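[1] curious how this folds, go ahead:
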Amino acid sequence: MSIGLDGNQLPPEEAKRPQDRRYWWWIITLLVAVPSVLALVVVLLNMYRSQQALTWDKLNAAKDLWNQAGIKNYDITVKTSGHTHGLYRVQVRDDRVTKAAFNDLPMAELIKGYPWTVPGLFEVLHQDLEWDDRPNSPGSHTEVQFDPADGHLVRYFRTHPGLRVTIEVELEKK
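    Residues are numbered from 1 along each chain as shown. Here you go, the predicted model:
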C-alpha cells in the first residue's frame, strides 16, 4: 500500500507512476547510449583500418628495411586463403629460389616460386597499388602488416569486388 504526501492512500495507478518513470529513463538512456557506443566502435575500427592500409610510403619503407637487412638466405611459408588458397613453401639461398612447393608438392619450375619470395610479394603489393591508382579502378581495400625488424610482409588482407584474399607469411632466416 502506498501513502501520498497528504497521508491518504494512493490509488494503485498513481503508486506505480514513479516506477514507470524509472523504466522510461532506462529505456531512453539505452536508446542514446547504445548507438553512441556503436558509433565510437565504428570510428575506432575505421581509424585502425586506415593505419593498416597499404600506401606507397609503407611499401617503400618496407622495401628499404628489407634491403638494409641484407637477408639472402631464408625459408618462407606463405598461407593464402580466399580467392586463391593454399600453402607455398619456398627456400631462398643467395637471393635465388632453390626449392619451391605448393601444398607440399614440388613445383616443376623454380621460377614459379618467385612470387612467394619477399621481393616477389613486394611486386604483388606494387601491382595492387598501381591497380588501385587507376582512374576507373573498382573500390578495393588492402591492409598490410610488415615486420618492424626487416620489413618482410607478415600479413596481407585485400578486398576487391567479388573477391577477398588473405596472406599470412612466416619467415625463417638461415
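[2] would you map the helices across the chain?
    Taking DSSP state H, the helices of the chain run over residues 12-15, 17-52, 56-69, 118-133.
[3] and of these, who's closest to residue 85?
    Minimum separation from residue 85 across the helices of the chain (C-beta to C-beta) falls at helix 118-133, 15.6 Å. In short, each C-beta sits where N, CA and C put it, glycine included.
[4] mind giving me the packing neighbours of the closest one?
    Helices and strands touching helix 118-133, by 3 or more C-beta pairs under 8 Å, 6 or more residues apart in numbering; DSSP states H and E, are helix 56-69, strand 74-82, strand 141-146, strand 153-160, strand 163-173.
[5] possible to save those as CSV with distance to residue 131?
    Formatted as CSV, those follow (distance: least, C-beta to C-beta, whole Å):
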stretch, distance to residue 131
helix 56-69, 13
strand 74-82, 16
strand 141-146, 10
strand 153-160, 9
strand 163-173, 13
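[6] now render the helices of the chain as TSV, adding mean pLDDT and mean neighbour count.
    As requested, the helices of the chain are exported to TSV (pLDDT from 0 to 100; neighbours: other C-beta atoms under 10 Å):
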stretch	mean pLDDT	mean neighbour count
helix 12-15	52	10
helix 17-52	69	10
helix 56-69	96	15
helix 118-133	92	16
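[7] closest one to residue 146 among the ones you listed?
    If you check each of those against residue 146 by C-beta to C-beta, helix 56-69 wins as the nearest, at 4.2 Å.
[8] got the contact list for the closest one?
    Contact partners of helix 56-69, identified using C-beta atoms under 8 Å, 6 or more residues apart in numbering, comprise 118-119, 122, 125-126, 129, 144, 146, 149-153.
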